[in-house]
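1. okay, sequence plus prediction incoming.
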Amino acid sequence: MNFKIEHTWDGFPVRHEPVCVKLSPEDKGVKLEVCAPFFNDPPAPPGEPGMPFSELWNYEVVEAFFLNDTTEQYLEVELCPNLHFGRHGQHLVLLLSGRRNVWKKELTLSFKVFRRETNWEGIAFLPWSYFPPKVTKFNSFAIHGSNDRRSYEALYPVPQHELQQGQKPDFHRLEYFEPFNFNTLLGEEWKQPESGLWLIERPDMSE
């Protein structure tokens, strides 16, 4: 499954080579591959490469969201092109139950970065335990730039006719995610494995 992020969050064409996101089956999970221009703006996060980094969305990242739109449970994966002495880049994996309601964060991730002068490639392995039950929708985003040059891009943007005056980019507008089915990738007979994380460590929905 191949996707290209060709628009800004509000539906305008991007002015560079689009970020490419690819999903493919792996034993016990999914391989998430990213190929993107390398802007080097803002500078790399100060955290240790290869480790989770809180608030990674404030830097240069590519993100993938996997949603069950009935329960509003979703997985958010953020990947950063930072590479230091051949080590892996920073990442951030969040589990959410309800819009913006993070109940598990900074999960470990197998993630490798290959950076070149003008672009970067990342390969991450997402175990089935990270995905909420019955993923039905998907979206992907890219962020780069500093201050007034900050750019927010979306695979499935907010339609321009629905924009409101003064509206800001918000990647948690789940209503704009598009239908997604792992059976397209793995065959009609395949069933998503149950996740111990989601079944055993259910978030407290009373808050």
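-> Great, that's in hand.
2. CA only for contacts and neighbour counts going forward, please
-> Fine.
3. against L79, how distant is R15?
-> Per C-alpha to C-alpha, to the nearest Å, R15 is found 21 Å from L79.
4. now do G98
-> Taking C-alpha to C-alpha, one finds G98 at 22 Å from L79.
5. and these two? Which one has more around it.
-> L79 (31 against 17; other C-alpha atoms under 10 Å).
6. and the nearest residue to that one once chain neighbours are set aside, how many neighbours?
-> Closest residue to L79 apart from its sequence neighbours, by C-alpha to C-alpha, 6 or more residues apart in numbering: H91 at 4.7 Å. Using other C-alpha under 10 Å, H91 has 30 neighbouring residues.
7. and H91, what does it touch?
-> G50, M51, P52, F53, L56, V77, E78, L79, C80, L109, F111 (C-alpha atoms under 8 Å, 6 or more residues apart in numbering).
8. next, the first one: phi, psi?
-> Note on G50: its backbone torsions stand at phi 90, psi 0 [degrees, to the nearest 10].
9. cool, and the fifth one?
-> Main-chain torsions, L56, degrees, to the nearest 10: phi -60, psi -20.
10. what do you get for the last one?
-> The phi and psi values for F111, taken as degrees, to the nearest 10, are phi -140, psi 130.
11. what about the residue lying closest to P193 once chain neighbours are set aside, distance to D170?
-> Once flanking residues are discounted, P193 sits nearest to W128: 6.5 Å by C-alpha to C-alpha, 6+ apart. According to C-alpha to C-alpha, W128 and D170 sit 26 Å apart.
12. between these two, who's got more neighbours?
-> In this view W128 and D170 are compared by other C-alpha under 10 Å, and W128 has more residues nearby, 19 against 12.
13. is the more buried one in contact with K28, as I believe?
-> Yes: when contacts are counted by C-alpha atoms under 8 Å, W128 is listed as touching K28 (6.2 Å).
14. which residues touch the helix or strand bottoming out on mean pLDDT in the chain?
-> Ranking every helix and strand in the chain by mean pLDDT, DSSP states H and E puts helix 196-200 at the bottom, with a mean of 81. Residues outside helix 196-200 that contact it (C-alpha under 8 Å, 6+ apart) are S129, Y130, P132, P133.
15. good, wrapping up.
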